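Peer 1: need a structure here:
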Amino acid sequence: MLDFTAIDLNNIGDGTGVNLPTGVYPGVITSATQTVTKNTGRPQFEFKIKVTDPQYAGAIRTTWISLPQTGEDKVVYVWVRAFQSIGITPEQLKAAGRIPFEQVSAMFTGRNCFIDWTEGNKDLGQNPDLKFITSAAFDQRKAAQGASAPVAQQAPVAQQAPVVQQAPRTAQIPVQQVAPAAMPGFALPAAAPAAPAGAGVDLMALLGQQR
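Peer 2: Residues are numbered from 1 along each chain as shown. Below you'll find the predicted structure:
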């Protein structure tokens, strides 16, 4: 008989103890919760990301992003990168204008994302770090990692037989050069006009299309 009556519900593993080496990983955002910082009480969002890489599937990591305090607060660019990680472009954010904090959790929870994870080192006083990255940055980093992997040595190529020298060809009568005919131009389709800032783009609808 399994007896669960004495288990401590506050001591249940959730994947945070799974070893995750420094690198870039795909993941899914399992929760996005508005909280406050412990030291200053500044409003922030806590994101929990479950890694979906088959080798480290189930590993869970957490990151926090503070909410902007003013229109000039540079943390807004950290938010831009977080939205890019789930498929929203800066142009779409610019067109949407303002996003109520109440909508952030619904926008992020359950979305696929990409992260850049750095392991901490207690001996050196280095804290672990997690940043959202774009899918393009993820692909570039993974390609670079693959290119740096050791390449298996190939077997030596067999020596080829010497090529028989051919007799020189007789001189040809020069052909009069004809000016090439002008190629018809290829007209690129005109780019669609960008939506003005504050036009009220429905980001929830865009995210719904990506599911």
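Peer 1: okay, now the sheet partners of the longest strand seen in the chain, with direction.
Peer 2: The longest strand of the chain (DSSP state E) is strand 23-36. If you go by DSSP bridges, strand 23-36 pairs up with strand 43-51 (antiparallel), strand 112-118 (antiparallel).
Peer 1: what helix or strand is residue 106 on?
Peer 2: Residue 106 belongs to helix 101-108 when elements are defined using DSSP states H and E.
Peer 1: re the thing from before, a markdown table for the strands paired with strand 23-36, including distance to residue 147, mean pLDDT and mean neighbour count?
Peer 2: No exception for glycine: its C-beta is placed from N, CA and C like everyone else's. Shown next, in a markdown table, are the strands paired with strand 23-36 (distance: least, CB to CB, whole Å; pLDDT from 0 to 100; neighbours: other CB atoms under 10 Å):
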| stretch | distance to residue 147 | mean pLDDT | mean neighbour count |
| --- | --- | --- | --- |
| strand 43-51 | 23 | 96 | 19 |
| strand 112-118 | 18 | 97 | 20 |
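Peer 1: distance to residue 27 for those strands - can I get that in JSON lines?
Peer 2: JSON lines is the format used below for those (distance: least, CB to CB, whole Å):
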{"stretch": "strand 43-51", "distance to residue 27": "4"}
{"stretch": "strand 112-118", "distance to residue 27": "6"}
